[in-house]
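Enquirer: A structural model of the following input is requested.
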Amino acid sequence: MTGDINDYITYRLERARKTYSDANLLAKNKSWNSCINRLYYSCFYLTSAILLKNGFEAKSHNGVRTIFFREFVKTGKVDKDFGRLYSDLFDWRNKGDYSDFFDFSEEDVLPLLEKAGKFIDTVEELLW
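Expert: This next block holds a predicted model:
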């Protein structure tokens, strides 16, 4: 990583916001699997930033999830509902991206848009 840690954190926060915006556009176009993918990544970018901010480094997506749960969800710094959302998005992104003959529906995805937005707002507060 080049640059300073705050540059990286700012970059990841911007990526999270942009990717969340993309998810909303995909939802408007009823592209549900792609919307789930973008919702997951919007949360992933921010989660990886908060780990780095707190001195943790993960080598994989599953590593990010594991450290996030151990250091933030189990300690109560992040509400368990947000932990569950992040874990579900992780699983659903894999399902939507890699499972054949599977498509999410509007009913599956629309409620997640607001929840992911709140996740981003909540985790962002922990960055500064």
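Enquirer: if you rank every helix and strand of the protein by mean pLDDT, what lands last?
Expert: helix 80-98 (a mean of 90; mean pLDDT, DSSP states H and E).
Enquirer: buried residues, that one. List them.
Expert: Phe82, Gly83, Leu85, Tyr86, Leu89, Phe90, Trp92, Arg93, Gly96 (16 or more other CB atoms under 10 Å). Every C-beta, even on glycine, is put in place using the N, C-alpha and C of the backbone.
Enquirer: next: stretch 109-125.
Expert: By neighbour count with 16+ other CB under 10 Å, stretch 109-125 contains the buried residues Val109, Leu112, Leu113, Lys115, Ala116, Gly117, Phe119, Ile120, Val123, Glu124.
Enquirer: from the chain's centre, how far out does that stretch sit?
Expert: 9 Å (CA atoms, centre = their mean, to the nearest Å).
Enquirer: residues touching the biggest helix by length in the chain, excluding its own?
Expert: Ranked by residue count and defined by DSSP state H, the top helix of the chain is helix 5-28. Helix 5-28 is contacted from outside by 1, 32, 34-35, 38-39, 41-43, 45-46, 48-49, 52-53, 109-110, 113, 116-117, 120, 124, 127, using CB atoms under 8 Å, 6 or more residues apart in numbering.
Enquirer: phi, psi for the residue of the chain positioned farthest from its centre please.
Expert: The outermost residue of the chain relative to its centre, with distances by CA atoms, centre = their mean, is Phe101 at 24.5 Å. Phi and psi for Phe101, reported as degrees, to the nearest 10, are phi 60, psi 40.
Enquirer: please apply the same query to the one 10 residues further on.
Expert: Main-chain torsions, Pro111, degrees, to the nearest 10: phi -60, psi -20.
Enquirer: just Lys77 next, same as before
Expert: When read as degrees, to the nearest 10, the backbone of Lys77 gives phi -70, psi -30.
Enquirer: from Ile9, how far off is the residue nearest to it when sequence neighbours are not counted?
Expert: Excluding the flanking residues, the one nearest Lys77 by CB to CB, 6 or more residues apart in numbering is Leu126, at 6.6 Å. Applying CB to CB, to the nearest Å, the value for Leu126 to Ile9 is 11 Å.
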